[in-house]
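In: the following block contains a protein sequence and its predicted model.
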Amino acid sequence: MGDTAVSLAGFVKALQQIDPAGGPLAETHGLRGLPLLTRDEAVREAIGALNGRIDTKLALKAWQASLEAPDWHRLPVWFHGDLLPGNVLFYQGKAHAVIDFGGLGVGDPACDLMIAWGLFTGQSRTAFRAALGVDEATWRRGRGQALAQALIFLPYYWRTNPTGVQRALWAVQQVLADFQVNG
């Protein structure tokens, strides 16, 4: 999985290097490249709806820690916006394509780090981060984006999408475990 981690990091880096001039701004189009605080109410509602299904106290602590990470204060860059396992196509065990560019925009690239907790573990997650070279604040916001996406997904699809729910629960578990180890 380490090759996939480095390959996807290369995709993210290449996307960020494209001139963002004229790209759809996250704040204008309501895309994921916005500050995490814009998702706070929805995340807290989701955590409340998941009481008894996940460790809600730990989820709130992890979410709060993500909110405390400094916002993106650099020029906006391109992001995919929905870089989740279902949007990465594999062939013979290797990532070959990224699909679903409906959330493509320019803003905070932390949303493209969701894949780190949605697909990778241990050394592959470490390889992804190292290949990207992101700072601690961006990494923490990325972890918050992964948590927000999974938490908001769960109550909505709990009864209708068992495969998606299983993936989202796994991502929540990965985020919470990472938060317990790394704060």
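Out: Great, that's in hand.
In: on the three-state scheme, residue 126 is what?
Out: Using DSSP: H, G, I helix; E, B strand; the rest coil, the structure places residue 126 in helix.
In: now the worst-scoring helix or strand of the chain on mean pLDDT: buried residues?
Out: Least confident element among the helices and strands of the chain, by mean pLDDT, DSSP states H and E: helix 26-29 (a mean of 90). Residues of helix 26-29 classed as buried: 26, 29 (neighbour count, 16 or more other Cβ atoms under 10 Å). Quick note: C-beta positions are derived from backbone N, CA and C, even for glycine.
In: ok, stretch 54-72 next?
Out: 54, 56, 59, 62, 63, 65, 66, 67, 69, 72.
In: ditto for stretch 165-182
Out: Neighbour counts over stretch 165-182 (16+ other Cβ under 10 Å) mark 165, 167, 168, 169, 170, 171, 172, 174, 175, 176, 178, 179 as buried.
In: stretch 121-129 too?
Out: Buried residues in stretch 121-129, counting neighbours by 16+ other Cβ under 10 Å, are found at 124, 125, 127, 128, 129.
In: could I get these in TSV, plus columns for distance to residue 109 and pLDDT?
Out: Below are these laid out as TSV (distance: Cβ to Cβ, whole Å; pLDDT from 0 to 100):
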residue	distance to residue 109	pLDDT
124	20	96
125	17	97
127	18	97
128	13	98
129	13	97
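In: list just the nearest of the buried residues of stretch 54-72 to residue 33.
Out: Of all these, residue 72 has the smallest distance to residue 33: 8.0 Å, by Cβ to Cβ.
In: still on that earlier bit, so which of the buried residues of stretch 54-72 comes closest to residue 157?
Out: residue 54 (14.3 Å).
In: state the distance from that closest one to residue 132.
Out: 28 Å (Cβ to Cβ, to the nearest Å).
In: please apply the same query to residue 18.
Out: For residue 18, the distance to residue 132 - Cβ to Cβ - is 16 Å.
In: run a quick neighbour tally on residue 43.
Out: 22 (other Cβ atoms under 10 Å).
In: now it: closest residue in space, sequence neighbours ignored.
Out: Closest residue to residue 43 apart from its sequence neighbours, by Cβ to Cβ, 6 or more residues apart in numbering: residue 148 at 4.9 Å.
In: residue 140 now?
Out: Nearest to residue 140 is residue 69, by Cβ to Cβ, 6+ apart, at 3.7 Å.
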